[in-house]
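1. structure for the following, please:
(chains A and B)
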Amino acid sequence: MQFSVASIATFITLNETISHNYHTFRSVTSTTPPVQASLLAESRSVSAVPPLPPSITCAFPIEAIRAEFPILSQSIGDCPLIYLDNGATTQKPKAVLQALANYYTQDNANIHRGVHTLSQRATDHYEKARERIARYIHASHSREIIFVRGATEGINLIANTFGRTHLKAGDNIVITAMEHHANIVPWQLLAEQIGFEIRVTPCDERGVLDLEAYANLLDKRTRLVGVVHVSNSLGTVNPVASMIQQAHAVGAVFLLDAAQSIQHMTVDVQALDCDFLVFSGHKLYGPTGIGVLYGKTALLRSLPPWQGGGDMIKSVSFERTTYKDIPERFEAGTPDISGVIGLAAAIDWVDSVGRERIATYEKGLLDYATAKLAAISGIRLIGTAPDKSCVLSFLLGDVHPHDIGSFLDADGIAIRAGHHCTQPLMKRLCIPGTARATFALYNTYKEADRLAESVAKIAQFFKV
Amino acid sequence: MNAMQELYQEIILDHNKRPRNYRLISNPTHMAEGHNPLCGDEMSLQFIMEGDIIKDIAFQGEGCAISKASASLLTATLKGKTIAAAKAEVGTVLELLTSENEPTTDQDSIGDLAALSGVRKFPARIKCATLAWHTFTAAIEGKQETSSE
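-> Alright, predicted model coming up:
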């Protein structure tokens, strides 16, 4: 039994007609080897890449960027790896790997306590990283950056500090139908103990929030609004700026889950005026195990500690213990020092490429891949909001997403299949899950072609 | 035959497209719910015991081709069997699906169930195939729920 490729001719023809971006892009980048070379050379040391000359800023040095990710140049079986599971985690550039190696080979020591040189160095790197991350999200001060394990731990921290002190029976919080389990379950755990109400802003079939319903859910007993910036299952970019204003109008605090937006667009916490923001480093080309909770200074200072231990105290006695100011108050125990340093290196690297440039490139790639998949008979795109980022969820006839995932894996294509930790959203859309391709700045138009070809083969195999 | 074709054999595709005994039984003597939390698969398996014979058996649920075909094959295989023979069949299939070494099962002797043999080479999919069989065992043992995680 062999897969027939007859029908793929259609897509090749389509490719010629709808992918002029691809060809433009190819022809421009192929004339820019000096820039690619300089990007390569520069990013080996962790320093920033100089801005590209204006004449070629529309191009994207994709080959040079891919060369920064050693993991991408491997084969799965006989097929080159096509990594489209970036919503789950991104790969790490050499700059990050090098920063981790440098830290462990030159500077490793515990922070905030040693008088010796290595400890001083490690502390400097750690605190400089905090400043770097503050700048990345435009926080007004580095003390507003709390290091946690990831977005999930950040939300749990908020639930266990802000939630415990501000929520009472009869109060409510407002979330949305497209939240990740990480922004549902911590609140349910707390609601079981306190008895507040969890209200859910609905969304339509396209994955667009019902803002009228949102406005109606807010009232004077709403203490917190928690919203995912970009839906990890659908790619919807939610209109959080206006939602934040509405939440503030009723006196509620706003928590922005930026896990799927921070790597794709500029997120300015002061311009947005969000009170809390969380994200995970490993989805932003950084190491696993490190994430960030941002909170406004006055708000964080008003909160009690969550975890107790070393480094978060001013003084300890059996009679009375006093706590440090933020951010240390929320960082008990030895933190993930190398993770913090790796995350700062990832941010340096992302900014050396340029977030605007990344956003433009990724938008073109998403639109291209969307058109390619949409042309396949039997495909159903899940998540068709007008404003989308980097997520391409789909179903194919009655083929289960896991079967799609296994077939794509056999062609070297890594996607995610399942409910994506958004079971309530899947239920709302009446689907068991989706096959989900998520794009990053190192993915190519050619990879989108390969994805479409492979999906077309699956359609044939299952006679969709 | 490449690995994908070995995984998705004609018998699997057929049982996925037209699952046997895909219905509810009104008055089952045994039943259990199977969950695979990893992927969200859910399955409800029911049967009627008369004496020590499985008189009728059926399932319903949401899952991939492998999990659905495996459940369908289970019902087709176990219907009419004694409980002792059914338990032996479960043991054979679980060995076929999970044994680290090449299974010793004589594939000719197990009929259509041999179609599940390709699953062993796909570690990510073994739990899809074992779910129905674990759920059947749970039902015999009087457990209401089981998980293949």
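2. who are the contact partners of the residue in chain B that chain A sits nearest to?
-> As assessed by CB to the nearest CB, chain A sits closest to B:Cys64 within chain B, at 3.8 Å. In short, each C-beta sits where N, CA and C put it, glycine included. Neighbouring residues of B:Cys64 by CB atoms under 8 Å, 6 or more residues apart in numbering or on different chains: A:His400, A:Pro401, A:His402, A:Asp403, B:Cys39, B:Asp41, B:Arg125, B:Cys128.
3. could you confirm A:Ala344 falls within a strand?
-> No: secondary structure of A:Ala344 (DSSP: H, G, I helix; E, B strand; the rest coil): helix, not part of a strand.
4. wait, it sits on A:Lys128?
-> Yes: A:Ala344 is within contact range of A:Lys128, at 7.1 Å (criterion: CB atoms under 8 Å).
5. hang on, the earlier thing: restricted to buried residues, select the contacts of B:Cys64 in PyMOL.
-> The command below creates a PyMOL selection of those among the contacts of B:Cys64 that count as buried (16 or more other CB atoms under 10 Å in any protein chain shown):
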select buried, (chain A and resi 400+401+402+403) or (chain B and resi 39+41+125+128)
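6. looking at the contacts of B:Cys64, which are in strands?
-> In strands, judged by DSSP state E, the following of these are found: B:Asp41.
7. looking at the contacts of B:Cys64, which is nearest A:Leu84?
-> Using CB to CB, A:Pro401 is the member of these that sits closest to A:Leu84, with 13.6 Å.
8. now do the closest one against B:Phe59, distance only.
-> As judged by CB to CB, to the nearest Å, A:Pro401 and B:Phe59 stand 20 Å apart.
9. now swap in A:Ile71 and tell me
-> Separation of A:Ile71 from B:Phe59 (CB to CB) stands at 41 Å.
10. so what strands line up beside the helix or strand bottoming out on mean pLDDT in chain B?
-> The weakest-scoring helix or strand in chain B, judged by mean pLDDT, DSSP states H and E, is strand B:145-147 (a mean of 76). Paired strands of strand B:145-147, with direction, are strand B:30-36 (parallel) (DSSP bridges).
11. how about the residue in the stretch 251-400 of chain A positioned nearest to chain B, nearest residue that isn't a chain neighbour?
-> Chain B sits closest to A:His400 of the stretch 251-400 of chain A, with a gap of 3.8 Å, by CB to the nearest CB. Distances taken as CB to CB, 6 or more residues apart in numbering or on different chains place B:Cys64 nearest to A:His400, at 3.8 Å, with adjacent residues excluded.
12. to what extent is A:Gly291 buried, counted in neighbours?
-> 27 (other CB atoms under 10 Å in any protein chain shown).
13. for it, which residues make a bridge with it?
-> Here A:Gly291 sits in beta bridges with A:Val148, A:Ser280, going by DSSP bridges.
14. what residues does stretch A:305-312 touch?
-> Residues contacting stretch A:305-312 (CB under 8 Å, 6+ apart): A:112-113, A:157, A:160-161, A:321, A:323-324, A:328-335.
15. same deal with stretch A:156-173?
-> Contacts for stretch A:156-173 (CB under 8 Å, 6+ apart): A:146, A:148, A:186-187, A:189-190, A:194-199, A:217, A:219, A:221-226, A:253, A:255, A:276, A:278, A:293, A:295, A:299, A:303-306, A:330.
16. circling back to that earlier point, test my guess that the residue of the stretch 251-400 of chain A closest to chain B contacts B:Ala69.
-> No: using CB under 8 Å as the test, A:His400 is too far from B:Ala69 to be in contact (10.8 Å).
17. so for A:Ala344 and A:Lys128, which residue has more residues nearby?
-> More crowded of A:Ala344 and A:Lys128, by other CB under 10 Å: A:Ala344, with 25 against 14.
18. pLDDT score for A:Phe461?
-> A:Phe461 carries a pLDDT score of 93 in this model.
19. helix, strand, or coil at A:Arg223?
-> Assigned with three-state DSSP, A:Arg223 falls in the strand class.
20. that one - how many residues pack around it?
-> Neighbour count for A:Arg223, taken as other CB under 10 Å: 20.
21. which ones are touching residue 82?
-> Chain wasn't specified; assuming chain A. Residues counted as contacts of A:Ile82 (CB under 8 Å, 6+ apart) are A:Asp411, A:Gly412, A:Ile413, A:Ala414, A:Asn443, A:Glu447, A:Arg450, A:Leu451.
22. not quite, go with chain B.
-> Neighbouring residues of B:Thr82 by CB under 8 Å, 6+ apart: B:Asp52, B:Ile53, B:Ile54.
23. most neighbours, which of those residues?
-> Going by other CB under 10 Å, B:Ile54 tops these with 22 neighbours.
24. check contacts around that one.
-> Residues counted as contacts of B:Ile54 (CB under 8 Å, 6+ apart) are B:Phe47, B:Ile48, B:Leu78, B:Lys79, B:Gly80, B:Lys81, B:Thr82, B:Ile83, B:Ala86.
25. what about 10 Å?
-> B:29-30, B:47-48, B:75, B:78-83, B:85-86, B:136, B:140 (CB atoms under 10 Å, 6 or more residues apart in numbering or on different chains).
26. what's the closest of the residues you listed to A:Leu365?
-> Distances from A:Leu365 to those, taken by CB to CB, are shortest for B:Thr75, at 45.4 Å.
27. picking up where we left off before, redo the contacts of B:Cys64 as CSV? Include pLDDT and distance to B:Leu116.
-> Converted to CSV, the contacts of B:Cys64 look like this (pLDDT from 0 to 100; distance: CB to CB, whole Å):
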residue, pLDDT, distance to B:Leu116
A:His400, 95, 16
A:Pro401, 95, 21
A:His402, 93, 16
A:Asp403, 95, 15
B:Cys39, 74, 18
B:Asp41, 84, 16
B:Arg125, 90, 10
B:Cys128, 92, 10
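28. nearest residue to the residue in the stretch 51-200 of chain A positioned nearest to chain B other than its sequence neighbours?
-> Closest residue of the stretch 51-200 of chain A to chain B, CB to the nearest CB: A:Gly77 (8.4 Å). Once flanking residues are discounted, A:Gly77 sits nearest to A:Gly412: 6.5 Å by CB to CB, 6+ apart.
29. common neighbours of A:His400 and B:Ala69, please.
-> Listed contacts common to A:His400 and B:Ala69 are B:Asn16, B:Gly63, B:Cys128; contacts here mean CB under 10 Å, 6+ apart.
30. just checking, A:Asp387 touches A:Pro239?
-> Yes: the pair A:Asp387 / A:Pro239 is scored as a contact, 7.8 Å apart, by CB atoms under 10 Å.
31. so which of those two has more stuff around it?
-> Using other CB under 10 Å, the more surrounded residue of A:Asp387 and A:Pro239 is A:Pro239, with 14 against 11.
32. and the more buried one, backbone torsions?
-> Backbone torsions of A:Pro239, given as degrees, to the nearest 10, read phi -80, psi 70.
33. got it, and the one 4 residues further on?
-> For A:Met243, the backbone dihedrals are phi -70, psi -30 (criterion: degrees, to the nearest 10).
34. that one against A:Leu217, yeah?
-> No: judged on CB under 10 Å, A:Met243 makes no contact with A:Leu217 at a distance of 11.0 Å.
35. can you pull the residues that touch both of the two?
-> With CB under 10 Å, 6+ apart as the test, A:Met243 and A:Leu217 both reach A:Val174, A:Thr176, A:Thr201, A:Val225.
36. just checking, the first one is part of a helix?
-> No: under three-state DSSP, A:Val174 sits outside any helix and is assigned strand.
37. what sits against it?
-> When contacts are counted by CB under 10 Å, 6+ apart, A:Val174 touches A:197-201, A:213-214, A:217-219, A:222-227, A:243, A:246-247, A:250, A:252, A:254.
38. what do you get if the cut-off is 6 Å, keeping everything else the same?
-> Contact analysis of A:Val174 by CB atoms under 6 Å, 6 or more residues apart in numbering or on different chains lists A:Arg199, A:Leu217, A:Thr222, A:Val225.
39. before we move on, what about the last one?
-> Applying CB under 6 Å, 6+ apart, one finds that A:Val225 lies in contact with A:Val174, A:Ala247, A:Ala252, A:Phe254.
40. having no further points to raise, I will conclude here.
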